[in-house]
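[1] Just a sequence and a predicted model for now, questions to come.
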Amino acid sequence: MPRFGPEGNARLTATAGLILLVLSGAELLTLLLGLQRFLSWHVFIGLVLLPPIALKLTTTGWRFLRYYTRDAAYVRSGPPMILMRLLAPFLVLFTVLLFASGVAMGFTHGTPLHLARRVHGPAALLWSITLGIHVLAYLPRAFRHVSRRAVPVAATLAALAAGVVVAVAALPAMHDWTRLHNGFDDQRGSQISGR
């Protein structure tokens with residue numbers, strides 16, 4: 001099979017998905033243990049997630065594109081399950097809303113910040129539900145793809161390393177995220193609280 005054919009794409013998608021599952025579990029743990037106490041970890045892990053999510057969206061988008069443009073190899077490998085085809089647009093939408101609003105909370109002021117905060121919570125809930133369905137449907141297949149042949153380690157490690165670089169680079173701005181739990185920070189309090 002060509003390196004970027006359906007089998008290689010499936011292995012890369014599965015590997016990225018398993019990394020995302022672990023990181024998403026860690027992100028969920030920060031919520032369960034208390035967001036105010038672990039907010040800096042929540043933000044850090046959220047930033048680490050960005051490149052692996054981009055990789056996963058790219059590999060699944062590539063499969064979508066190749067299948068629906070009638071590439072013979074992808075057509076032979078068959079379509080995704082019907083439920084997953086119906087769920088995919090919502091999962092992509094909630095992923096974009098969740099992570100875009102999370103990043104926006106560190107870089108916006110006033111009304112945009114308020115909007116990002118209003119979007120983030122519901123997006124997190126809807127993303128968790130759709131992600132849960134996605135994981136239940138694909139987890140056994142992901143383990144099969146990863147265990148069957150050599151895993152595309154370089155691309156997934158590069159995405160993970162890029163995520164750590166993004167998170168470390170954002171450390172100087174981390175206070176903008178971590179001070180949001182009160183609804184305002186010292187410099188922007190009057191803008192955010194409306195006073």
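    Perfect, I can see it now. Numbers count the residues shown, from 1 in each chain.
[2] where in this protein is pLDDT low?
    Applying pLDDT under 70 to the chain picks out residues 1-4, 145-154, 175-195.
[3] Quick check, central residue of it?
    Among the residues of the chain, the one closest to the centroid is Ile53, at 4.1 Å (Cα atoms, centre = their mean).
[4] Contacts only, for that residue.
    For Ile53, the contact set (Cβ atoms under 8 Å, 6 or more residues apart in numbering) comprises 20, 95, 99. Just so you know, the C-beta spots here come from the backbone N, C-alpha and C atoms, and that holds for glycine as well.
[5] now swap in Ala159 and tell me
    Going by Cβ under 8 Å, 6+ apart, Ala159 touches 16, 19, 51-52, 54-55.
[6] Output the contacting helices and strands for whatever helix or strand Pro140 lives in.
    For Pro140, the enclosing helix or strand under DSSP states H and E is helix 110-148. Here helix 110-148 touches helix 6-32, helix 82-107, helix 189-193, going by 3 or more Cβ pairs under 8 Å, 6 or more residues apart in numbering; DSSP states H and E.
[7] Pull out the buried positions in the longest one.
    In terms of neighbour count (16 or more other Cβ atoms under 10 Å), helix 6-32 has its buried residues at 6-21, 23-24, 27, 30.
[8] Distance of Leu55 relative to Ile82?
    Using Cβ to Cβ, to the nearest Å, we find Leu55 at a distance of 25 Å from Ile82.
[9] picking that back up, how about the helices and strands packed on helix 110-148 in a markdown table, adding distance to Leu65?
    A markdown table is the format used below for the helices and strands packed on helix 110-148 (distance: least, Cβ to Cβ, whole Å):
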| stretch | distance to Leu65 |
| --- | --- |
| helix 6-32 | 11 |
| helix 82-107 | 13 |
| helix 189-193 | 41 |
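[10] of all those helices, which lies closest to Ala72?
    Closest of the helices and strands packed on helix 110-148 to Ala72 is helix 6-32, at 10.2 Å (criterion: Cβ to Cβ).
[11] what about Ala169, neighbour count?
    Residues contacting Ala169 under the criterion other Cβ atoms under 10 Å number 10.
[12] how many neighbours does the residue nearest to Ile133 when sequence neighbours are not counted have?
    Distance criterion Cβ to Cβ, 6 or more residues apart in numbering; nearest residue to Ile133, sequence neighbours excluded, is Leu87 at 6.1 Å. By other Cβ under 10 Å, 18 other residues sit near Leu87.
[13] ok, Leu87 - contacts?
    Applying Cβ under 8 Å, 6+ apart to Leu87 gives the contacts 130, 133-134.
[14] Buried residues, whichever helix or strand Ala73 is part of. List them.
    Per DSSP H and E: Ala73 is located in helix 72-77. Residues of helix 72-77 classed as buried by neighbour count (16+ other Cβ under 10 Å): 74, 77.
[15] Show me what it is packed up against.
    If contacts are counted by 3+ Cβ pairs under 8 Å, 6+ apart, helix 72-77 sits against helix 6-32, helix 35-68.
[16] Now the last one: buried residues?
    Residues of helix 35-68 classed as buried under the neighbour-count rule (16+ other Cβ under 10 Å) are 38-39, 41-53, 55-60, 62-63, 66-67.
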